[in-house]
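> kindly return the folded structure for what I paste below:
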Amino acid sequence: MSTRFAELWQRTVPWRWLTPSTVLIAGVVVFPALYMVWMSFLDISRIGLVRGMAGLDNYARLLREDALGLVVGNTLLWLLIVVGLTMLLSLALAQFLSKEFFGRKLVRLALVVPWATSLVMTATVWRFIYEGGNGLLNRLLMDLSIISAPVDWYKDPATALYAVMAVGIVTSMPFTTYVLLSGLQTVPHDVLEAAKMDGAGAWATWRRVTLPILRPSIMIALVLNMLHVFNAFTVIWVIMGKTAGNHADTTVTWLYKIAFTAQLDAGEAAALGVLNVAFLLLLILAFALVLRPKRFVLVLRPKRFVPVLRPKRDPATGDATPAPPSDVSPGSPAPVMRSRPVMIRAGRGWRRIRPVVLPVVGLAVALFFLAPYAAMLSGSLKTDAELFAVPASYLPESWAWSNYADVWSRIPLADYFRVSLTVALVSTALVLVVAAPAAYVLARSRFRGRAAFLGVILVTQMFPAVALLIGLYRQALFVDGINSYGVIIAINAAFNLAFAVWILHAHFGAIPVEIDEAAMMDGLGRFRIMLRMILPLAAPGLVTVMIFTFIQVWNEFVIALTLFNDPANGRVPLTVGVQQFIGLYETNYQYLFAAALMAIVPAVTLFALIEKHLVSGLTAGSTK
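Numbers count the residues shown, from 1 in each chain. Here you go, the predicted structure:
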């Protein structure tokens, strides 16, 4: 009996290591998702009381909404244009950054800025750029004689959605570019050289060699981009949230309005949330089917490249005679001799101007991505009169450095920093404590249910918290967790756990298992092996997880806006607190920008330290 018990106990070892992560995922992701489905069939009053079952009434009421067609159309258009243009532009930019040129590091650092910066801050500066007569975009376009009068970019229903789309593309490009750049770095250089020697031009080489190898990275970037763009809330809400109508709403922002601002109808919001999740599940299913490893076995067929016919010279006469390619069968028509003097001259010309053209293009790209933050810096140093001057001024006339001191008294900025720092640090610590054992046992053990657990981790990686917002809100009400540190920390930890497990799993798996075996022979148990041997060797992965999680929590907005927004008790994170500067008729941009820049600089600095490791780890984790 004791032997059988010992065997059973030994079999449960992996799951005991996975218990903390399982509990966190079940409590913060699975339960809210299931409860959201249940809510969609309940009759819930405007004050949150459940009055009984509603059957399919919530779905029927949702389908009768006048705004439904407009919002669904906006969502599809948003997905098609933002994802499509993001992929095309990012592919071109990744191809550009894969080349060596002076200033490439500057371009990569410029891409880090919008990636590391909170979307609240980025959307706010774009809102400032889009303003009417005093907006920088209107001033620039009128100076260039492109338009003759100011345009209300985000207030005019005809242009609002497209203006927000432009911001969505700019903020989506950095991540997508890095994923594709990581894929380009896996293309073997000798294969490219072989294609070049066989006469393949640049386009043929890219299409027949680079593209097949890059296809997994393209699919990863495409699916993750679709998930990110579909769940985009912050950019749309910060720019458009306080304007009337639904002309720029997607299903995610409309859900928030139904639940928390306009209709206060939790049942109908839950029904819309269920439909959103169903769509996300379809995307995840597509991800699982398309990215199966067997679909991406690259088979190089040299005969697909047309060989260059180099002339052979007769030893006796010295005359050149074309040599047929090796794959020409007897009796087939003689191949046509290819002439390449124009191509050679063009190649030589490009080599002469390349050292100048690439840095100039790189500088233009860097300036494009840094321009909004330069506008933010300029705005933070303007007076109130200069901010609302018509036409807008590019630079301050009198540099108001006092704005950086005044902002501390205008709002409780110190409290905002303290709250955000507390939530980010504790959430990061919780993620490390929970993710490390899970990643270690997944890397070192093969057990029944391992694949299922990895699948659950993958699903939670693809579900942002905003997708389950209504379920999370009701769950917080149950446990009296509105404005509770414990609830907001648990939610942030749960939705950053997947990335941490995948990164650490990849790092732990790269450490030779012989180290564990040697330590066991010296009498160390599994836990002490992980602490003393494995974690120090996986230090780069730990640092990556720590910084990435900290920045993600530091920049989080929608969950904090909904569940952790209590000014009376000093419980307001920085991203939510600075929003009090944004009003319907007037916005104190100079103070908002001063606070935003103080929050951006440390986040960008930390992110720049790990940018080389982030995408490679995410890509590896997603394809394992």
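> any idea of the mean pLDDT for the strand or helix carrying residue 460?
With secondary structure defined by DSSP states H and E, residue 460 is part of helix 450-462. Mean pLDDT, computed over helix 450-462, is 76.
> report the distance from it to the chain centre.
From the chain centre to the centre of helix 450-462 is a distance of 18 Å (CA atoms, centre = their mean, to the nearest Å).
> helices or strands next to that helix in the packing?
helix 13-25, helix 266-290, helix 413-444, helix 485-509 (3 or more CB pairs under 8 Å, 6 or more residues apart in numbering; DSSP states H and E). In this view, the C-beta of every residue, glycine as well, is placed from N, C-alpha and C.
> mind listing what's buried along the longest helix along the chain?
Once the chain is assigned using DSSP state H, the helix that runs over the most residues is helix 341-380. Within helix 341-380, the residues scored as buried using 16 or more other CB atoms under 10 Å are 358-359, 362, 365-366, 369-370, 372-373, 375-380.
> helices or strands next to it in the packing?
helix 68-97, helix 104-116, helix 119-129, helix 160-184, helix 589-623.
> how about the residue nearest the centre of the chain, nearest residue that isn't a chain neighbour?
For the chain, residue 175 is the residue whose C-alpha lies nearest the centre (CA atoms, centre = their mean; 5.4 Å). Leaving aside its sequence neighbours, residue 175 sits nearest to residue 115 (CB to CB, 6 or more residues apart in numbering; 6.0 Å).
> any idea how far that neighbour lies from residue 571?
Per CB to CB, to the nearest Å, residue 115 is found 28 Å from residue 571.
> same check, this time on residue 130
32 Å.
> just residue 113 next, same as before
29 Å.
> again, but for residue 208
58 Å.
> ok, these two, which is more surrounded?
Legend: neighbour count by other CB atoms under 10 Å for residue 208 and residue 571, higher for residue 571 (19 against 15).
> backbone dihedrals for that one, please?
Main-chain torsions, residue 571, degrees, to the nearest 10: phi -120, psi 70.
> correct me if wrong: residue 530 contacts residue 440.
Yes: between residue 530 and residue 440 there is a contact at 4.9 Å, judged by CB atoms under 8 Å.
> give me the more crowded residue out of these two.
When residue 530 and residue 440 are compared for neighbours, residue 440 comes out ahead with 26 against 22, by other CB under 10 Å.
> contacts only, for that one.
17, 504, 508, 526, 530, 534 (CB atoms under 8 Å, 6 or more residues apart in numbering).
> buried ones among those residues?
With burial judged by 16+ other CB under 10 Å, the buried subset of those is 17, 504, 508, 526, 530, 534.
> burial count for the residue nearest to the second one when sequence neighbours are not counted?
Yep, that's residue 504 we're talking about. Closest residue to residue 504 apart from its sequence neighbours, by CB to CB, 6+ apart: residue 439 at 3.5 Å. Residue 439 has 28 neighbours, counted by other CB under 10 Å.
> residue contacts, residue 439?
Residue 439 neighbours (CB under 8 Å, 6+ apart): 500-505, 507-508.
> return the member of those nearest to residue 70.
The closest of the contacts of residue 439 to residue 70 turns out to be residue 502 (CB to CB; 38.0 Å).
> am I right that residue 592 is in contact with residue 124?
Yes: assessed by CB under 8 Å, residue 592 is found in contact with residue 124 at 6.2 Å.
> and residue 545, what pLDDT?
Reading off the model, residue 545 has pLDDT 88.
> same check, this time on residue 189
Looking at residue 189, its pLDDT stands at 72.
> and it, how far is that from residue 21?
Using CB to CB, we find residue 189 at a distance of 40 Å from residue 21.
> of these two, who's got more company?
The neighbour comparison of residue 189 against residue 21 (other CB under 10 Å) goes to residue 21, with 29 against 7.
> what sits closest to that one if chain neighbours are left out?
Using CB to CB, 6+ apart and skipping the chain neighbours, the partner closest in space to residue 21 is residue 438 (4.3 Å).
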